[in-house]
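Visitor: predicted model and sequence below, questions to follow.
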Amino acid sequence: MTTYSLPFGRSADRTLYLGLLVLGWLALVGCGAPGTGESTLPKRMVRGGWLAKNDVGEILSQPTRSAVEKMTGLGIQWVALGPEVMMPDIFRPEMSYGKEVDSYRTFVRWAKQQNMRILLLPRIESPSFFKPPFPFRADIQMLTTDHTDKFFANYEAMLLFWAKFCEEEKVEMFGLGLEYLTLVKEHPDRWRKMIASVRKVYKGKLTYSANWYEEYKAVTFWDTLDTIGIGAYFELNVEPNATPEEIRTQWTPILNDLKSLSQQYNKPILFTEVGYTAFHDAARYPWKWQDDLSRPLSLDHQADCYQVLFETFSEQPWFEGMFLWRFYTSPEKRPRYDYNPIGKPAENVIQQWFRLPSMMEVAPQTSAP
């Protein structure tokens, strides 16, 4: 059984591994050009986390401040926000958004005072998702040409609303959507048009968060964005409580596939979402978050999943970073099994890696088109 008296987990060899990485970084820092005084510190990749509000009151509450302080202590430098875009029916074009814009503005200004960078990614939510047959965002589609036209007109207006907000508040990255597989496959030209419209009002980095299952390969407009965004809940073909080595082996073909995608479009890859529950089969089913008494918990396995994730991607020059799913303003109210890493061994693993400078070296990437 794994013990976590040492922050890296499964055995003391992780402490040795960390020590070698630190020594490697110190060697890198010390080998700058003699007499120039120039720093050779590596560039920083995105170390981000999704913030979810589960306390009462305004977005910028005292629990929110405490949550961001905790995230900062783990080495997180980016916070991701997902303003809701409400669709009463996923087969009709009506949507509403923006009612909390002033609260978001207050939070963003405060967070930037804390030296946090921001990803803002509006998310369609709908009561349709909670009714049989329980569709999700990939199933959103319009049933007539007229409704399709109205949907994209409404969606573009929503994007421009938040793009202007992002430009005004100097938000560093704006996400155009997530998991809309049907809309992406059937209407790529409409996405290109919307991206062009957004670029006229927003000068920061643009991404889209494609689902790990099929969608990231179905997107054909990656060339118009600054980074390839993926919600990276990849299923790894391992048994419950798999060892780190077993987990690592299953990442290899995915790693090669993502490298090829990055080379195809000459764009870096960003995990716009990635995270693990505390279930014993989290590596196999990282997207299964619901309560299930038949699935035992394993906090050690959750920590191992993060450990291997960092080991696998930290040194890839085409990898831009990740946003961990997720952190809560009141984590004590969350069930033990869920993604929240606070108070679990995974917290130590995240802190050790996110605060390790040698992990953060990334090659220069292409600029916006």
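Guide: All right, it came through fine.
Visitor: in contact with Gly184, which residues?
Guide: To be clear, residue 184 is Val; Gly isn't right here. Trp191, Ala210, Glu215, Ala218, Val219 (C-beta atoms under 8 Å, 6 or more residues apart in numbering). Heads up, the C-betas are built off the backbone N, CA and C, glycines and all.
Visitor: pick out the most distant pair among the residues you listed.
Guide: Comparing all pairs in these by C-beta to C-beta, the longest separation belongs to Trp191 and Glu215, at 12.5 Å.
Visitor: doesn't Met119 fall inside a strand?
Guide: I think there's a mix-up here, since residue 119 is Leu and not Met. Yes - when DSSP: H, G, I helix; E, B strand; the rest coil is applied, Leu119 is found to be in a strand.
Visitor: do I have it right that it meets Gly175?
Guide: Yes - counting by C-beta atoms under 8 Å, Leu119 does reach Gly175; the two are 6.3 Å apart.
Visitor: can you work out which residues contact both of these two?
Guide: Joint contacts of Leu119 and Gly175 (C-beta under 8 Å, 6+ apart) are Thr207, Thr272.
Visitor: what about Ala196, which SS state?
Guide: From three-state DSSP, the assignment for Ala196 is helix.
Visitor: which residue packs closest to it, ignoring adjacent ones?
Guide: The shortest distance from Ala196 to any non-neighbouring residue, by C-beta to C-beta, 6 or more residues apart in numbering, is to Thr224 (7.6 Å).
Visitor: measure that neighbour to Gln352 for me?
Guide: Going from Thr224 to Gln352 by C-beta to C-beta, to the nearest Å gives 37 Å.
Visitor: go on, Ile195?
Guide: From Ile195 across to Gln352, the span is 38 Å (C-beta to C-beta).
Visitor: so which of those two has more stuff around it?
Guide: Taking other C-beta atoms under 10 Å, Ile195 and Gln352 do not tie; Gln352 has more neighbours (23 against 18).
Visitor: so Lys164 touches Val201, yeah?
Guide: Yes - if you go by C-beta under 8 Å, Lys164 and Val201 touch, sitting 5.4 Å apart.
Visitor: point to the helix or strand of the chain where mean pLDDT is at its lowest.
Guide: Ranked by mean pLDDT, DSSP states H and E, the weakest helix or strand in the chain is helix 13-29, scoring a mean of 37.
Visitor: Leu176: neighbouring residues, count only.
Guide: Counted with other C-beta under 10 Å, Leu176 comes out at 23.
Visitor: just the element for it, please.
Guide: For Leu176, the host element (DSSP states H and E) is strand 173-178.
Visitor: now Leu51
Guide: Assigned by DSSP H and E, Leu51 falls in strand 46-52.
Visitor: who does that strand touch, helix- and strand-wise?
Guide: helix 62-73, strand 78-81, strand 319-328 (3 or more C-beta pairs under 8 Å, 6 or more residues apart in numbering; DSSP states H and E).
Visitor: let me see the mean pLDDT of the strand holding Leu176.
Guide: Taken as a whole, strand 173-178 has a mean pLDDT of 98.
Visitor: do stretch 354-364 as well
Guide: 58.
Visitor: please report how far Ser128 lies from Lys185.
Guide: Using C-beta to C-beta, we find Ser128 at a distance of 20 Å from Lys185.
Visitor: I meant to write Pro122 there.
Guide: On the measure of C-beta to C-beta, Pro122 and Lys185 end up 20 Å apart.
Visitor: got it, and Asn237?
Guide: From Asn237 to Lys185 the distance is 26 Å (C-beta to C-beta).
Visitor: those two - which one has more neighbours?
Guide: Neighbour totals were compared for Asn237 and Lys185, and Lys185 leads with 15 against 11 (other C-beta under 10 Å).
Visitor: tell me the SS of that one?
Guide: helix.
Visitor: surely it is in contact with Ala218?
Guide: Yes - look at Lys185 against Ala218 with C-beta under 8 Å: they come within range, at 5.0 Å.
Visitor: and the nearest residue to Phe313 once chain neighbours are set aside, what does it touch?
Guide: Nearest residue to Phe313 in three dimensions, chain neighbours excluded: Phe319, at 4.9 Å (C-beta to C-beta, 6+ apart). By C-beta under 8 Å, 6+ apart, the residues touching Phe319 are Met45, Leu258, Ser262, Pro268, Ile269, Leu270, Phe313, Val362.
Visitor: state the distance from the fourth one to Thr72.
Guide: Using C-beta to C-beta, one obtains 24 Å as the distance from Pro268 to Thr72.
Visitor: with Gly343 instead?
Guide: Look at Gly343 and Thr72: by C-beta to C-beta, they are 17 Å apart.
Visitor: more neighbours, those two?
Guide: Set Gly343 next to Thr72 and count neighbours by other C-beta under 10 Å: Thr72 wins out with 16 against 12.
Visitor: ok, the more buried one to Lys112 distance?
Guide: As for Thr72, its distance to Lys112 is 13 Å (criterion: C-beta to C-beta).
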